[in-house]
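# take this sequence and fold it.
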Amino acid sequence: MRLKLGNENNRKYLAIIPTVILSPLLYIGIIMIWIFSISYYPKTDFNKQEWNKNKEERYKMSNDIIKGEILIGKTKEEVIELLGDDFYFYDESHIAYDLGFVPGLFNIDPDVLDIYFEKGKVTKVGQHET
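Presented below is the predicted three-dimensional model:
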């Protein structure tokens, strides 16, 4: 059984309406999937060997370091023991480690892991794009 919509005169208009509505939705959906796919990266738990081995993908472990508060309360020597001695020294209360380039749409600069000290102990850990 064949479905009869409209008549011969208005059948082409019935075909144009869904096209005009569905085409932009389809394009927007494709663009959103593309943006999501280039900015997605798996977040992994901190692993000292992986941290030292793959310096360009340290950003994958930064979330675990920050949210898990792994460094909070540690001394500078303990941090260096855990993360290594390849850090930037800003001053006595602030050092930073390279994390590599976080995947994203407009990410052109590498990120760093900022570690702040008060009275010789880590009080705050953050991440920012340089």
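
# after the biggest helix by length in the chain, next one along is what?
Scanning the chain for the longest helix, with DSSP state H as the assignment, gives helix 11-39. From helix 11-39 onward toward the C-terminus, using DSSP states H and E, the following helix or strand is helix 48-53.

# pLDDT on that next one, on average?
Predicted confidence along helix 48-53 averages 94 (mean pLDDT).

# other residues contacting it?
Outside of helix 48-53, the residues within contact range by C-beta atoms under 8 Å, 6 or more residues apart in numbering are 44, 58, 61, 82-84. Any C-beta I mention is one placed from the backbone N, CA and C, and that applies to glycine too.

# just put the residues you listed in a markdown table and tack on neighbour count and distance to Val112.
Below are the contacts of helix 48-53 laid out as a markdown table (neighbours: other C-beta atoms under 10 Å; distance: C-beta to C-beta, whole Å):
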| residue | neighbour count | distance to Val112 |
| --- | --- | --- |
| Thr44 | 13 | 18 |
| Arg58 | 24 | 10 |
| Met61 | 22 | 14 |
| Leu82 | 14 | 17 |
| Leu83 | 22 | 12 |
| Gly84 | 13 | 14 |
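
# where does the protein have its least confident helix or strand?
Every helix and strand of the chain was ranked by mean pLDDT, DSSP states H and E. The lowest is helix 11-39, at a mean of 86.

# other SSEs contacting it?
Counting contacts by 3 or more C-beta pairs under 8 Å, 6 or more residues apart in numbering; DSSP states H and E, there are no secondary-structure elements packed against helix 11-39.

# how far off centre is that helix?
Its chain's average C-alpha position is 27 Å from that of helix 11-39, according to C-alpha atoms, centre = their mean, to the nearest Å.

# what's the answer for stretch 73-91, then?
24 Å.

# show me what counts as buried in that stretch.
By 16 or more other C-beta atoms under 10 Å, the buried positions in stretch 73-91 come out as 74, 76, 79, 83, 87.

# from these, which is closest to Gly29?
Leu83 (41.2 Å; C-beta to C-beta).
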